[in-house]
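[1] would you be able to build a 3D model of this:
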Amino acid sequence: MDTVVTGKVWVVGDGVTTDAMYPAFAMKLPVPEAARHVFYELRPGWTDEVSPGDIVVAGRNFGLGSSRPVAALFRELGVAALVAEEFNSLFLRNCINHGLPALTVPGVTAAFGDGAVMRLDFAAGWAEHTGSGLRLAGGALPPLVLDILAAGGVLPRLAREGYVPVPPAGSGS
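    As a prediction, the model looks like this:
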């Protein structure tokens, strides 16, 4: 897995809950259809604009609330990574478990606006604004987390190690 990604940034604010990311009505839908409703009230039409490889930037306490499997929806949309001032711990673990890189970078919301391009290194723990050259230090992801991400999530990693059966192709890990 390449630990450096570059993508267009989408900025959301502080305290964005899992309910705001994954509305209750969408929870009964198949993942590809449910993904079309991410941020449906917060940023109407966002899923029509986001492109594979884009990066979502958030403020403090991103992912507060219930343990809805939002990371699967971001992966379905092709989001390359989430970067936040601070993640809710349960949400952060959900991201890693689904193979979605999530990096904490203080000051990121002040440094980036919608449409900016970010270069992000998970292993070294930094985010760089490609327009200004500003590089912000964050927390580097530990080797075990990088290994889980490289495997595509915790279940594929456990399957690779022989602890669980290999998930069928297209099962969304």
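[2] what's in contact with the lengthiest strand in the chain?
    Looking across the chain with DSSP state E, the single longest strand is strand 4-11. Defining contact as Cβ atoms under 8 Å, 6 or more residues apart in numbering, one finds that strand 4-11 is touched by 43, 46, 50-51, 53-58, 80-81, 101, 109, 112-122, 130. Every C-beta, even on glycine, is put in place using the N, C-alpha and C of the backbone.
[3] and the residues you listed, which of them are in strands?
    Short answer: these in strands (DSSP E) are 55-58, 81, 117-121.
[4] what subset of the contacts of strand 4-11 is buried?
    Buried members of these, counted by 16 or more other Cβ atoms under 10 Å: 43, 46, 50, 54-58, 80-81, 101, 109, 112, 116, 118, 120-122.
[5] just the pLDDT at residue 171, thanks.
    Residue 171 is assigned a pLDDT of 56 by the prediction.
[6] typo on my end, residue 166
    According to the model, residue 166 scores 75 on pLDDT.
[7] burial of it, as a residue count?
    Residue 166: 12 surrounding residues under other Cβ atoms under 10 Å.
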